[in-house]
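J.: quick one, structure for this:
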Amino acid sequence: QVQLVESGGGLVQAGGSLRLSCAASGSIFSINAMGWYRQAPGKQRELVATMITGGSAKYADSVKDRFTISRDNAKNTTDLQMDSLKSEDTGVYYCNAYGRESTRPRTGMNFWGKGTLVTVSS
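T.: This next block holds a predicted model:
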């Protein structure tokens with residue numbers, strides 16, 4: 001199995017910054033993309049940012065120019081630097097990876113972390 005573990009959430013004032021980190025471990029065959037989703041109270045989970053291996057990053061319009069995603073492909077990690085935070089950024093942030101387990105190398109799968117809470121106070 002592949003496990004994703006997030007860290008770095010917390011409480012911050014509007015205008016502040018937080019950095020989220022995620023590490024993938026376990027029976028990894030390959031990871032094609034890693035990214036971040038979030039779910040605000042009463043809303044559906046939405047894409048925040050994602051980065052494919054060897055490719056460019058993609059951001060939700062609401063976070064462009066404020067959030068920056070980075071990856072270390074060798075370590076199977078991804079970070080999300082969040083600046084100029086707004087109250088509407090509040091939610092549970094989930095790390096996501098799309099890849100293949102070593103036990104099923106022909107099957108692409110989505111893997112999810114358990115989430116980390118980000119609260120932005122206004």
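
J.: ranges for the strands of the chain?
T.: Applying DSSP state E to the chain gives strands spanning 2-7, 10-13, 18-26, 28-39, 46-52, 57-59, 67-72, 77-82, 91-101, 104-112, 116-121.

J.: in the fourth one, what counts as buried?
T.: In terms of neighbour count (16 or more other CB atoms under 10 Å), strand 28-39 has its buried residues at Ile28, Ile31, Ala33, Met34, Gly35, Trp36, Tyr37, Arg38. For the C-beta atoms, the positions are set from N, CA and C on the backbone; glycine is no exception.

J.: quick check, nearest of the residues you listed to Gly55?
T.: Ala33 (8.1 Å; CB to CB).

J.: just give me the closest of the buried residues of strand 28-39 to Ser121.
T.: Arg38 (16.7 Å).

J.: tell me what the residue lying closest to that closest one once chain neighbours are set aside is bridged to.
T.: When the adjacent residues along the chain are set aside, Arg38 lies closest to Gly91, with 4.3 Å between them (CB to CB, 6 or more residues apart in numbering). Beta-bridge partners for Gly91, by DSSP bridges, are Val118.

J.: so what's Gly91 up against?
T.: For Gly91, the contact set (CB atoms under 8 Å, 6 or more residues apart in numbering) comprises Arg38, Gln39, Ala40, Pro41, Lys43, Leu117, Val118.
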